[in-house]
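Predicted model and sequence follow; I will ask about them next.
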Amino acid sequence: MPARRLMNRLTYFTIEDESMLAEAFAEMDDDVFAISYKVTGTDDVFVTTAETREAMDRHDVPYNVLAEEDANRVSVYHSNLSREELGDYEDPIKALALAYRAVALACVGVNGETDLGFDLSEGTDLYTYFTAPAGHTFIWRVFRSRDEAVEFLTKLTLGDPGAVAWAKGIPLSASDELVSYH
């Protein structure tokens, strides 16, 4: 993975034919972690990392930039294992959050198992996953507001001060503060 950037941007874009993404990604160098996600509730809006966007530019993939989001405005709360395996993949995880129009994600399980005992009765649309190159699939809780994250992590972690402090420190109070791509 390339060195971390201090000011990293996540890009919302459209593309005429999304099959072009799969073709271009297959041709990219092995050292590029190329990834893009379709934004939930849209037909043709995608979000990607700066690394992927640069690789798309090098391969002359035609796309239309709609907007850019500062990756530092999106928060990720890791478990010990997710931090270990996904430390170099913060921006792809943050792009995943933006695909859900979320301000934050918290790792709540791995490989379908959780020691935390969270409840899916709220609906599965509040959860997503990210598979690490090392092979583990991490389950993430999607948060569209800071208050939602504080409430969830207070209950889930029984008020663990570190988890609650992380939730209270999410830079954006709600998803309506995310950059608009319309």
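Yes, it's here.

Let me see the domain layout of this structure.
What automatic domain parsing lists as the domains of the chain is 9-71, 74-177.

Turn those domains into JSON lines, columns for mean neighbour count.
Placement of C-beta: from N, CA and C, glycine included. Putting the domains of the chain into JSON lines (neighbours: other Cβ atoms under 10 Å) gives the following:
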{"stretch": "domain 9-71", "mean neighbour count": "16"}
{"stretch": "domain 74-177", "mean neighbour count": "17"}
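
could you dump those to a markdown table with mean pLDDT?
Compiled in a markdown table, the domains of the chain are given as follows (pLDDT from 0 to 100):
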| stretch | mean pLDDT |
| --- | --- |
| domain 9-71 | 94 |
| domain 74-177 | 91 |
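
where along the protein do the strands fall?
For the chain, strands defined by DSSP state E occupy the ranges 9-14, 36-38, 46-48, 64-70, 75-77, 104-110, 127-131, 137-143.

Verify the stated contact: L96 with T128.
Yes - L96 is within contact range of T128, at 6.3 Å (criterion: Cβ atoms under 8 Å).

joint contacts of the two?
Residues touching both L96 and T128 by Cβ atoms under 8 Å, 6 or more residues apart in numbering: 105, 140.

Identify the residues contacting V76.
Per Cβ under 8 Å, 6+ apart, neighbours of V76: 90, 93-94, 97, 104-107.

so who does the nearest residue to G169 once chain neighbours are set aside touch?
Using Cβ to Cβ, 6 or more residues apart in numbering and skipping residues adjacent in sequence, the residue nearest G169 is S75, 7.4 Å away. Residues in contact with S75 (Cβ under 8 Å, 6+ apart) are 103-105, 149, 166, 169-171.
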